[in-house]
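Engineer: Make a model of this:
(2 chains)
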Amino acid sequence: MKDTALSYGGRHLHAPDPGAPALALDGVVAGHSGALPILQDVSFALPVGKRFALVGPNGSGKSTLLKTVAGLLPVRGGNIRVFGLRVGACHHRTSYVPQRQSINWDFPLDVRRFTLAGRFVHTGWLRRPAVECQRVVDDVLASLGLTEIASRPIGELSGGQQQRLLLARAAAQESDLLLLDEPLNAVDAASRLLVGALLDRLQRAGKSMIVSTHDVGTHDLPFDEVLSIEEGRVHGSAR
Amino acid sequence: MNWLLEPWSHGFMRDALAAGLAAGVACGVLGVFVVFRRMAFVGEAMSHTTLPGLVIAQAKGFSLMAGALASNLVTALGIAVLSSQTSRRRGIRDDAAIGVVFTGMFALGVVLTARIGSWRDLSHLLLGNLLSVAPGDLVLMVCAALAVLVVISALFKEMELASYDSTYADLIGIRSQRLHALLLVLIALAVVSGVQVVGVVLTSALLVTPAATAALLTRRMVPMLWLSVATAATAVVGGLLLSYHASLPSGATIVLVATLLFIMAWIRRRVQLS
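Structural biologist: Below you'll find the predicted structure:
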């Protein structure tokens, strides 16, 4: 992981606080500014290297929670720490994998270029991604079975391939905390296997992750703990 | 060969070519972003909202280009504020914001025309008069094209990312809303140049048609930018030659050539797919 002089938002690479969990939420209240808060008094801690599931129905607050941790929505009460740092203090260490619908898939872009965007946080303004970035991208594409379609326009991918591509970009970022918003929703069996294998590999490498899902029983991913979320409130293990 | 070369022996044709190419480059580059960010309505709105600035500049003897630019910057700011994420959550959609600003500014232009100008004076602004671009305006058009090229080159990867995934751009600290506002300002610059070339009514064609043509020929961003610029340049050169030899209005002829190139690209695509 590298810092850059012309970092986005003027935020630089910070070392994590020794001994701090990957993620700690304490009484968090959050939602869009100007609207009623969606998350209510959410508290839990994700230890480094662990994989948690966040299970709840549509509208329960799963995406809001992940976006708040990613710094995309304001914290309106309580406290969030990512590796002991305040939210957004270090863009490099957190990646968020959105749902497929949030991407403009018609944009003229190929699979390799899309994945390369995962390295932009390390290059910052005015610089092009270095040659070593291409190596990282090649490795990630190979691990997700995307090498053969690296030159294909993103608009020509299947749903499963699109989901793998979103994960490829997050993996290329080499972040330490991955926030995955329904990564296995409407994904074919082959893609599930590849995604599962990559998540296993990332976890073995010490990465921490939260995976949101409607139903933890619909896929075979093992989780260290399952959190349930309902009407913006998070409860302990739902398993 | 003489048919191709003789027109450029005239100074007014050389100026027209320089002005047309400056506008073509700026519109060709930005057009790709406009098409794939689904902002074609912005181009249409921006061209029409130059009218109040043009009327005031004409009446007061200012540079038309400066008047149009001032008018368009007000429009860009208005659209950026009204279409911000906060406004969207408060119930103002992007297209509604553009529609409100666009029609409001155009209505202001019509009222100003009635009060201080005349339709006869402004007819060449509405339909373009490339053959009488003032030297000062030509310099401004070249500067506008250079500004577009420099900014897009410097911020290309960020503009590209914010165009297809603004959430990820925001996540890594690129403020996508600010880039959107910057893009609107660049579009304002390009449109002001375009108004000089093809007029208020047809400028959005210069912004959209070359990019749409390029999109039929390739699915990669960088080649698409080059093809879009090449299409715009071909339309300018071809349109000027035709208008010179056939005594046709230059702006409309340029747009017709661009449209012809689009149809040819569309037929090629259909043949490829069949």
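
Engineer: Which positions in chain B make contact with chain A?
Structural biologist: Within chain B, the positions adjacent to chain A are B:32, B:36-37, B:86, B:89-90, B:154-155, B:157-158, B:160-161, B:163-165, B:167-168, B:170-175, B:215, B:218-221, B:224 by Cβ under 8 Å from any Cβ of the partner chain. Just so you know, the C-beta spots here come from the backbone N, C-alpha and C atoms, and that holds for glycine as well.

Engineer: For residue 213, give me phi and psi.
Structural biologist: Using chain A here. When read as degrees, to the nearest 10, the backbone of A:Thr213 gives phi -160, psi 160.

Engineer: Correction: the question concerned chain B.
Structural biologist: phi -70, psi -50.

Engineer: picking that back up, if any of the residues of chain B next to chain A are buried, put those into a PyMOL selection.
Structural biologist: Filtering the residues of chain B next to chain A down to the buried ones (16 or more other Cβ atoms under 10 Å in any protein chain shown) takes a single PyMOL command:
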select buried, chain B and resi 32+36+37+155+157+158+160+161+163+164+165+167+168+170+171+172+173+174+175+215+218+219+221+224
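
Engineer: Let's see which of the residues of chain B next to chain A end up in helices.
Structural biologist: Within those, residues falling in helices by DSSP state H are B:32, B:36, B:86, B:89, B:154, B:157-158, B:160-161, B:163-164, B:167-168, B:170-171, B:215, B:221, B:224.

Engineer: helices or strands next to the helix or strand hosting A:Thr68 in the packing?
Structural biologist: Using DSSP states H and E, A:Thr68 falls within helix A:62-70. The contact analysis (3 or more Cβ pairs under 8 Å, 6 or more residues apart in numbering or on different chains; DSSP states H and E) places helix A:62-70 against strand A:23-30, strand A:39-46, strand A:51-55, strand A:75-82, strand A:94-97, strand A:177-181, strand A:208-213.

Engineer: Tell me which residue in the stretch 51-200 of chain B sits closest to chain A.
Structural biologist: Nearest residue of the stretch 51-200 of chain B to chain A (Cβ to the nearest Cβ) works out as B:Gly173 at 3.1 Å.

Engineer: Give me the phi and psi for that residue.
Structural biologist: Per degrees, to the nearest 10, the backbone of B:Gly173 is at phi 100, psi 0.

Engineer: Surely it is in contact with A:Ala70?
Structural biologist: No. Proximity of B:Gly173 to A:Ala70 does not meet the contact threshold set by Cβ atoms under 8 Å, at 11.4 Å.

Engineer: For A:Arg233, grab the count of nearby residues.
Structural biologist: Here the count is done by other Cβ atoms under 10 Å in any protein chain shown, and A:Arg233 has 14 residues near it.

Engineer: There's contact between it and A:Phe44 in this structure, I believe.
Structural biologist: No. Look at A:Arg233 against A:Phe44 with Cβ under 8 Å: they stay out of range, at 11.3 Å.

Engineer: re the thing from before, which residues touch the residue of the stretch 51-200 of chain B closest to chain A?
Structural biologist: Shown in contact with B:Gly173 (Cβ atoms under 8 Å, 6 or more residues apart in numbering or on different chains): A:Ser7, A:Tyr8, A:Gly9, A:Gly10, A:Arg11, A:Gly88, A:His91, A:Val121.

Engineer: How much space separates it from B:Gly109?
Structural biologist: Per Cβ to Cβ, to the nearest Å, B:Gly173 is found 40 Å from B:Gly109.

Engineer: and what of A:Ala130?
Structural biologist: A:Ala130 sits 50 Å away from B:Gly109, going by Cβ to Cβ.

Engineer: same check, this time on A:Asn58
Structural biologist: For A:Asn58 relative to B:Gly109 (Cβ to Cβ), the value is 47 Å.

Engineer: Looking at these two, which is more packed in?
Structural biologist: More neighbours surround B:Gly109 than the other of A:Asn58 and B:Gly109, with 24 against 8 (other Cβ under 10 Å).

Engineer: Tell me where chain A has helices.
Structural biologist: For chain A, applying DSSP H gives helices covering A:62-70, A:111-116, A:120-123, A:131-143, A:159-173, A:189-204.

Engineer: Isn't B:Leu207 up against B:Cys27?
Structural biologist: Yes. Applying Cβ under 8 Å, one finds B:Leu207 in contact with B:Cys27, separated by 4.7 Å.

Engineer: For those two, list the residues in contact with both.
Structural biologist: B:Ala190, B:Val191, B:Gly194.

Engineer: Where does the last one fall, secondary structure wise?
Structural biologist: Just to be clear, that refers to B:Gly194. Element membership of B:Gly194 [criterion: DSSP H and E] is helix B:176-198.

Engineer: which helices and strands does that helix pack with?
Structural biologist: By 3+ Cβ pairs under 8 Å, 6+ apart, helix B:176-198 packs against helix B:11-36, helix B:40-48, helix B:64-82, helix B:135-154, helix B:156-164, helix B:166-171, helix B:203-217, helix B:250-273.

Engineer: Just give me the neighbour total for residue 25.
Structural biologist: With no chain named, the answer covers chain A. 24.

Engineer: I was after chain B.
Structural biologist: By other Cβ under 10 Å, neighbour count at B:Val25 equals 24.

Engineer: ok, it - contacts?
Structural biologist: So B:Val25 contacts B:Ala145, B:Val148, B:Leu149, B:Val229, B:Ala232, B:Ala233 (Cβ under 8 Å, 6+ apart).

Engineer: got a winner among these for most neighbours?
Structural biologist: Ranked by the number of neighbours (other Cβ under 10 Å), those place B:Ala232 first, at 32 neighbours.

Engineer: re earlier: which of the contacts of B:Gly173 tops the neighbour count?
Structural biologist: A:Val121 (29 neighbours).

Engineer: That one contacts A:His91, doesn't it?
Structural biologist: Yes. Using Cβ under 8 Å, A:Val121 is in contact with A:His91, at 5.3 Å.

Engineer: After the worst-scoring helix or strand of chain B on mean pLDDT, heading C-terminal, what element do we hit next?
Structural biologist: Least confident helix or strand of chain B, by mean pLDDT, DSSP states H and E, is helix B:85-89 with a mean of 58. Next along the chain after helix B:85-89, taking DSSP H and E as the criterion, comes helix B:94-116.

Engineer: For the spatially most central residue of chain B, give me its contacts.
Structural biologist: For chain B, the residue nearest the mean C-alpha position is B:Val191 (3.4 Å; Cα atoms, centre = their mean). For B:Val191, the contacting residues are B:Cys27, B:Gly43, B:Met46, B:Ser47, B:Thr50, B:Asn72, B:Thr203, B:Leu207, by Cβ under 8 Å, 6+ apart.
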